[in-house]
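Engineer: turn this into a model:
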Amino acid sequence: MAPKITAPRGTQDFLPPQTLRWQEAESRIHQLARRYGYGEVRTPIFEATELFVRGVGETTDIVEKEMYTFVDKGGRGMTLRPEFTAPVMRAAIEQNLFASGPQRLYYLGPIFRYERPQKGRYRQSHQFGIECTGFAGPEADVEVMALAMHLFRSYGIAVRLELNSIGDAHCRPGYRDALLAHFRPHLQRLSVDSQRRLERNPLRLLDSKAAEDQALLDSAPAFESYLCDACGEHFEAVKRYLDRIAVPYNVNPRIVRGLDYYTRTVFEFVSDALGAQSTVCAGGRYDELIKSLGGPDVPAVGFALGLERLLLTIEAAHPEPAAERTGIQLVALGEQPKEVLVTLAALLRYSLSVPIFMDYDDRKLLAQLKIADRNLARYALIVGSDEVAAGQAVLRDLNERTDRRIALGADLVEHLGKVAC
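Structural biologist: Residues are numbered from 1 along each chain as shown. The predicted structure is shown next:
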């Protein structure tokens, strides 16, 4: 026997009925995004490596450690998409979308990162995200946060909005100097990664999860006190709008995000449902990104939300109830009944909106009813040789376990539609 081939480490298969949960979440996301005026964008799964080096940042964990990069047959460096924002902006620039004004775009699809697999975090995972471009004011920041909160509230999930501002090119140098003054005297106490990053990008230290860094991070200066007037006014307006639309938040100076393109507003939505791995959605403003990728000087703000993490949070917050039965299992007891029901199955699948199941093997009634239970069918339509001769079928209610006879006539489809739909 040939050895069994398994899925690569850090990936997973989704099979029925689990895929029904994914379909429901994706359908809800599409509807919500359209309600807010966003249109879907789909980009290639692989892009030029340079896009992520320039867009995400050379010193980020994504670029330094996590990208799946390869050289194609033409000698070009390519990378499997580790995040969506840079590809979406690349597509918008290439297709000249910004020439027609502000854009509201959303995406839904897989990303790839080489990292240690853990619950809710995989080497191939899936993201939903929003990109709102062309608006420099705080109203756009609040819009994208409100959309994320709307999704969580639609599921009845309790989340907290953690909010911060990391300023812009005008005020960040002063804060950078303050961080250097804080960390340099304690360089040897920092983790290896933080020691390496301190001079290149000290803001990255605030995102560190290393245990040896935490005491120094707790005493690090907060960015809010270093904001320039324009960034301070922007941040105050964001908070004021959030108050007006009843979205509660907590100002958290440790929120900086792990990507270099963020400016001003950064945020995370966190939930206690998953314990320590609590971030379920994160984002912020990235006003310099589009220009850095060769596009026009267009401001932007958005978020990314992991679907695996969202579905785990939904399960933790609301244990899934027993699945409801739906649809009809056609049960043929013999060759002649099979011919009748194969024809009927095709007609029902065109006419009704419920699942129509049929097993084509020669099985006894009990075995076919077990298959109906496995399919979670609501009804079984049973036809044997006697039923064909009498022009009838037995309709069994699989919840009530009761039978009744119905005619195999011209009104059968209409009758089943009234019963099963």
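Engineer: only C-alpha atoms for contact and neighbour calcs from this point on.
Structural biologist: Fine.
Engineer: give me the below-cutoff pLDDT ranges for the stretch 51-200 of the chain.
Structural biologist: 58-61, 120 (pLDDT under 70).
Engineer: now the strands for it?
Structural biologist: 69-71, 77-80, 103-112, 124-133, 160-165 (DSSP state E, counting those that start in this stretch).
Engineer: with mean neighbour count and distance to residue 16 added, can I get those strands in JSON lines?
Structural biologist: JSON lines is the format used below for these (neighbours: other CA atoms under 10 Å; distance: least, CA to CA, whole Å):
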{"stretch": "strand 69-71", "mean neighbour count": "14", "distance to residue 16": "32"}
{"stretch": "strand 77-80", "mean neighbour count": "18", "distance to residue 16": "27"}
{"stretch": "strand 103-112", "mean neighbour count": "21", "distance to residue 16": "19"}
{"stretch": "strand 124-133", "mean neighbour count": "22", "distance to residue 16": "18"}
{"stretch": "strand 160-165", "mean neighbour count": "23", "distance to residue 16": "32"}
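Engineer: dump those to JSON lines, plus distance to residue 118.
Structural biologist: What follows is those, written out as JSON lines (distance: least, CA to CA, whole Å):
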{"stretch": "strand 69-71", "distance to residue 118": "22"}
{"stretch": "strand 77-80", "distance to residue 118": "20"}
{"stretch": "strand 103-112", "distance to residue 118": "14"}
{"stretch": "strand 124-133", "distance to residue 118": "11"}
{"stretch": "strand 160-165", "distance to residue 118": "23"}
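Engineer: out of those strands, which gets nearest to residue 298?
Structural biologist: Ranking these by their distance to residue 298 (criterion: CA to CA) puts strand 124-133 first, at 6.8 Å.
Engineer: looking at the strands of the stretch 51-200 of the chain, which is closest to residue 247?
Structural biologist: Short answer: strand 160-165, nearest of the strands of the stretch 51-200 of the chain by CA to CA, at 8.1 Å.
Engineer: contacts for that closest one?
Structural biologist: Strand 160-165 is contacted from outside by 223-224, 231, 235, 248-256, 263-271, using CA atoms under 8 Å, 6 or more residues apart in numbering.
Engineer: returning to that earlier point: nearest to residue 48, out of the strands of the stretch 51-200 of the chain?
Structural biologist: The closest of the strands of the stretch 51-200 of the chain to residue 48 is strand 77-80. By CA to CA, the value is 4.6 Å.
Engineer: the closest one: partners in the sheet, and parallel or antiparallel?
Structural biologist: Strand 77-80 has the following sheet partners, assigned by DSSP bridges: strand 46-48 (antiparallel), strand 69-71 (antiparallel).
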